[in-house]
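Trainee: I'll drop the sequence and a predicted model, then ask my questions.
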Amino acid sequence: MIWQQAPRQALGIFPTPLHPLDNLTARLAGPQIYIKRDDLSGLALGGNKVRKLEFLLGEALQQHADCIITAGAIQSNHCRQTAAAAAKLNLLCYLLLGGEAPPLAQGNLLLDQLFGAKIIWSGEQRKGEGIEALVASLREQGKRPYVIPYGGSDPLGCLGFAAALAELQQQGPVFDEIIFASSSGATQAGLMLAKAALKLDTQLRGIHIDKANHQPQHFTKSIAELANAAAERFALATRFSAEQVCLDDDYLGEGYAILGEAEREAMHLLATSEAILLDPVYTAKAMAGLIARVRQGHYSPQQRILFWHTGGTPAVFAYAQALQS
Ligand SMILES: *Cc1c(COP(=O)(O)O)cnc(C)c1O
């Protein structure tokens, strides 16, 4: 399979647990809901980026890189997991974070600092617009930087989630639908690739979480392009069109990183029924989408639905105020 062709640096603890959510299923009186626990992926409070980083850093080490650069928002889980992985592999890590230094570092930012990352504040630009200039200046100093794109979403990053679907299949049972938060796209593109390679007919439903990108056609097109670039790079015959990307944008709420009523309800429901923490930015929106779909009667009680928990736990603590209001 394509994900067995690339060098991979072990970073997480896999397979992540898979288990039913019996209390939630009973409370919603809906389909049989299961959860895949990538919040427990083993590196520095977990998350889905560890899967991508195993392949991205596998390539970085193969290229003898001595430092890593990536970018994201102030509470970026991707940046925190990259900083942790770099620490583990003895590589220097540069993070370009949107906004300005806050008076008190909390959540993911606090952890970025603990992992020894060098933080560069980049104001309005939270998607890595300043990376090229940093690469040039590091090269001038004789360093060998390896750049990880926004969210770890490039063809190599997709392999992490292609391998993840194969991992899930080994754990059984067969699911009618898999629901997950979708943002920079490699989670969804990777799952799509493996679904084609393994000939599964599970419905993959990405829940769109970023209103700033609110041009649905544009976003489904870029996920299809990402999947196609990965298919091409790893010699897989399948190709995808934007119409084949199921990206549900009914649950954007008030926008990226804004905790609204639906997200708050999802966090409370999972915490009180299952003692599982959702994060305010991604998984709370995805779960709010699942809850709404169950209530709308989209599923029968016999169906098995998987919620893929993609992590984000440290951000809970950065939202203390919003969670109490
Ligand atoms: C990055 C992230 C996602 C989205 O994954 P993409 O591959 O960027 O679409 C979902 N949930 C959490 C917690 C994340 O950190």
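Mentor: Structure received. What you are looking at is a predicted structure, and each value in this text was computed from that prediction instead of being measured.

Trainee: shouldn't Ala186 be in contact with Lys52?
Mentor: Yes: counting by Cβ atoms under 8 Å, Ala186 touches Lys52, with 5.8 Å between them. In this view, the C-beta of every residue, glycine as well, is placed from N, C-alpha and C.

Trainee: Next one: Lys199 from the ligand, what distance?
Mentor: The spacing between Lys199 and the ligand, counted by Cβ to the nearest ligand atom, to the nearest Å, is 23 Å.

Trainee: How about the contacts made by the residue in the stretch 1-150 of the chain positioned nearest to the ligand?
Mentor: When scored by Cβ to the nearest ligand atom, the stretch 1-150 of the chain has Asn77 as its residue closest to the ligand, at 3.3 Å. By Cβ atoms under 8 Å, 6 or more residues apart in numbering, Asn77 lies in contact with 47-49, 108, 279, 282, 311-312, 314-315.

Trainee: Same question for Gly253.
Mentor: Contacts of Gly253 (Cβ under 8 Å, 6+ apart): 260, 262-263, 285, 288.

Trainee: Highest neighbour count among the contacts of Asn77?
Mentor: Across the contacts of Asn77, neighbour numbers were computed from other Cβ atoms under 10 Å; Lys49 holds the maximum, 36 neighbours.

Trainee: The residue most central in space within the chain - nearest residue in space that isn't next to it in sequence?
Mentor: In the chain, the centroid-proximal residue (Cα atoms, centre = their mean) is Asn48; its distance is 4.5 Å. Among residues not flanking Asn48 along the chain, Thr310 sits closest, at 4.0 Å (Cβ to Cβ, 6 or more residues apart in numbering).

Trainee: So for the one you found, what pLDDT did the model give?
Mentor: With respect to pLDDT, Thr310 has a value of 98.

Trainee: Would you confirm that it contacts Phe180?
Mentor: Yes: the criterion here is Cβ under 8 Å, and Thr310 meets it with Phe180 at 5.9 Å.

Trainee: Need the residues touching each of the two.
Mentor: With Cβ under 8 Å, 6+ apart, Thr310 and Phe180 have common neighbours 187, 286.

Trainee: Do you have the strands of the protein handy? List them.
Mentor: Here the chain has its strands, by DSSP state E, at 18-20, 32-37, 67-72, 92-97, 118-121, 145-147, 177-182, 203-208, 247-248, 304-309.

Trainee: Could you pull out the buried residues of the third one?
Mentor: Okay, so that is strand 67-72. Buried residues in strand 67-72, counted by 16 or more other Cβ atoms under 10 Å: 67-72.

Trainee: Throw those into JSON lines and include distance to the ligand, thanks.
Mentor: Output for the buried residues of strand 67-72, formatted as JSON lines (distance: Cβ to the nearest ligand atom, whole Å):
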{"residue": "Cys67", "distance to the ligand": "22"}
{"residue": "Ile68", "distance to the ligand": "17"}
{"residue": "Ile69", "distance to the ligand": "17"}
{"residue": "Thr70", "distance to the ligand": "12"}
{"residue": "Ala71", "distance to the ligand": "13"}
{"residue": "Gly72", "distance to the ligand": "9"}
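
Trainee: Please report how far the spatially closest residue to Ala231 that is not a sequence neighbour lies from Gln296.
Mentor: Setting aside the residues directly before and after it, Ala231 is nearest to Thr238 in space (Cβ to Cβ, 6+ apart), at 5.5 Å. From Thr238 over to Gln296 the distance is 32 Å, taken as Cβ to Cβ, to the nearest Å.

Trainee: what do you get for Gln188?
Mentor: Noted for Gln188: a distance of 22 Å to Gln296, by Cβ to Cβ.

Trainee: Between these two, which is the more surrounded one?
Mentor: Set side by side, Gln188 and Gln296 show more neighbours around Gln188, with 29 against 9, by other Cβ under 10 Å.

Trainee: so the more buried one makes contact with Leu247?
Mentor: Yes: the criterion here is Cβ under 8 Å, and Gln188 meets it with Leu247 at 7.1 Å.

Trainee: any common contacting residues for the two?
Mentor: Residues touching both Gln188 and Leu247 (Cβ under 8 Å, 6+ apart) are 182, 206, 223.

Trainee: Specify which member of those residues is nearest to the ligand.
Mentor: Ser182 (4.5 Å).

Trainee: re the thing from before, specify which member of the shared contacts of Gln188 and Leu247 is nearest to Met267.
Mentor: Ser182 (18.9 Å; Cβ to Cβ).

Trainee: so that closest one touches Tyr251, yeah?
Mentor: No: Ser182 lies out of contact with Tyr251 (Cβ under 8 Å); the separation is 11.0 Å.

Trainee: any common contacting residues for those two?
Mentor: Common neighbours of Ser182 and Tyr251 (criterion: Cβ under 8 Å, 6+ apart): 207-209.

Trainee: Get me the contact residues on the protein for the ligand.
Mentor: With Cβ under 6 Å from any ligand atom as the criterion, the chain meets the ligand at residues 47-48, 77-78, 151, 153, 181-188, 279, 282-283, 310-312.

Trainee: make it 5 Å
Mentor: Listed as neighbours of the ligand in the chain under the rule Cβ under 5 Å from any ligand atom: 77, 151, 181-184, 186-187, 282, 310-312.
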